[in-house]
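[1] Build me a structure from this.
(one chain, ligands or ions: 2)
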Amino acid sequence: MNKPFQVLALGGDHIGPEVVASGLSVLRHVSARYEIPVEIDEDLLGGASWDVHGTFCTDTVAAKARAADAVLIGAIGGPEWDNIQIDGPITETDGLTRLRIELDVFNALRPARAWNALLSRTPYRHEVVEGADILVVRENAGGIYYGEPRGREVQSDGQIRAFEISEYRTEEIERIARCAFRAAQARRGHVTSVDKSNVMETGRLWRETIDRIGRDEFPDIRLSHLLMDYALFAVAKSPQDFDVLLGDNLFGDLMSDLIGVISGSLGMLPSATLPGIARPGHPLKGGIYEPTHGSAPDISGQGVANPIGTILSVAMMFEHGFGVASAARAIEIAVEQCLDSGLLPPDLGGTTSTEDLTLAILERL
Ligand code: IPM
Ligand code: MG
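    Ligands and ions are numbered 1, 2, ... in the order given. You can find the predicted model right below:
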């Protein structure tokens, strides 16, 4: 038996623990089936951690996350914790962003695809969305989220000034560029990089750097650049035209929700946020796997959250974290079979509960 992979599961808030419970059932099942041993430890993050420890991410959780092979997260936040005012960097005010920095996971892979069973749950005519399959590669450890200084100050005239800084160094852009180009090599060979190089200094450096890495290191990849505002229009209008969408921390955040439209619900979207590029067949330690959706306080505790985003994140954990792509494909197929047989949670217009949908996916596995 190989040494077990250590997985840290952090449910977080509201529907977070509900979907993580589903993800863990699938993780345990597939690990037994494929003889990939895992050891799972669970802890608190976000508001759940605040209520017990007075911090959104304890040093213990940060240390456990650094030691783990993979971290599975549900979702964090809720109105209960919105008005807690902490002075300091975002790593102190937000548990998830702290973990991203602790693990230096700069490469956020956020895929979305059109599922045949869900085409009519999208706002598109079928022929416009059918087959659409997009991967957002988001720089996730820099930019405006983390630039210093940031904060707020009361000015002499009584006005409050709030501010943050968008900053990138060339090496930060180079490393995420390589992630996007490598991802495109395994897909359809097209990278569309977005920026606001018409108004932002970081945007100009972004475009120059992506261009240089593409030209010098990835001549096999077709590279396009779009301004962020127009990119939103173009992707919304013709999602089938796009393969890999590459953006900085803020623009990647926006695009990853946008492409959820082609899947029919944000509840369908998984992510893997990695400290580098996983080589096929080789485990990459230290990634964070989480659904893209939020903690959905409005439906929390009702057992109706869509677990698929989390279950597909577990699939990404098998592929990137453990190096077993076949297990990932098996999970995706089981999910697709459930959708095809009409088992849909409420966010997709159905009535299947979180638990029943999870059981149905397990059965097909
Ligand atoms: C995401 C989320 C986070 C982000 C929030 C919860 C801090 O929107 O992962 O997309 O902005 O990165
Ligand atoms: Mg987001």
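[2] Please enumerate the strands of the stretch 151-300 of the chain.
    151-154, 160-163, 190-195, 222-227, 244-247, 272-274, 287-289 (DSSP state E, counting those that start in this stretch).
[3] Give me the residues contacting the helix or strand harbouring Lys64.
    Counting by DSSP states H and E, the element that carries Lys64 is helix 59-67. Residues from elsewhere that reach helix 59-67, judged by Cβ atoms under 8 Å, 6 or more residues apart in numbering: 6, 8, 10, 41, 43-45, 49, 71, 95, 98-99, 102-103, 286, 288. Any C-beta I mention is one placed from the backbone N, CA and C, and that applies to glycine too.
[4] nearest to ligand 1, of the strands of the stretch 151-300 of the chain?
    Among these, the nearest to ligand 1 by Cβ to the nearest ligand atom is strand 272-274 (8.2 Å).
[5] Partner strands of that closest one and their direction?
    Strand pairing for strand 272-274, using DSSP bridges, gives strand 107-113 (antiparallel), strand 287-289 (antiparallel).
[6] Would you mind giving the secondary structure of the closest residue to Ala325 other than its chain neighbours?
    The shortest distance from Ala325 to any non-neighbouring residue, by Cβ to Cβ, 6 or more residues apart in numbering, is to Glu319 (4.8 Å). Under DSSP: H, G, I helix; E, B strand; the rest coil, Glu319 falls in the helix class.
[7] need the contact list for Glu319.
    Contacts for Glu319 (Cβ under 8 Å, 6+ apart) come out as Ala272, Ala278, Ala325, Ala327, Ala328.
[8] which of these has the weakest pLDDT?
    On pLDDT alone, Ala278 ranks lowest of these, at 91.
[9] That one: neighbour count?
    Residues lying near Ala278 (other Cβ atoms under 10 Å) number 24.
[10] Surely it and Phe322 touch.
    No. Contact between Ala278 and Phe322 fails when scored by Cβ atoms under 8 Å: they sit 9.6 Å apart.
[11] Sketch out the low-pLDDT regions of this protein for me.
    Applying pLDDT under 70 to the chain flags residues 1.
[12] What residues does it have near ligand 1?
    Within the chain, the positions adjacent to ligand 1 are Asp94, Leu96, Thr97, Asp253, Thr292 by Cβ under 6 Å from any ligand atom.
[13] circling back: which among the contacts of Glu319 gets closest to ligand 1?
    Ala272 (12.1 Å).
[14] need the contact list for the closest residue to Lys196 other than its chain neighbours.
    Leaving out its chain neighbours, the residue that sits closest to Lys196 by Cβ to Cβ, 6+ apart is Gly203, at 4.4 Å. By Cβ under 8 Å, 6+ apart, the contact list for Gly203 reads Asp195, Lys196, Ser197.
[15] Residues in a beta bridge with the first one, which ones?
    As for beta bridges, Asp195 partners with Leu227 under DSSP bridges.
[16] my guess is it contacts Glu208, does it?
    No. In this structure, Asp195 is not within contact of Glu208 by Cβ under 8 Å, at 10.0 Å.
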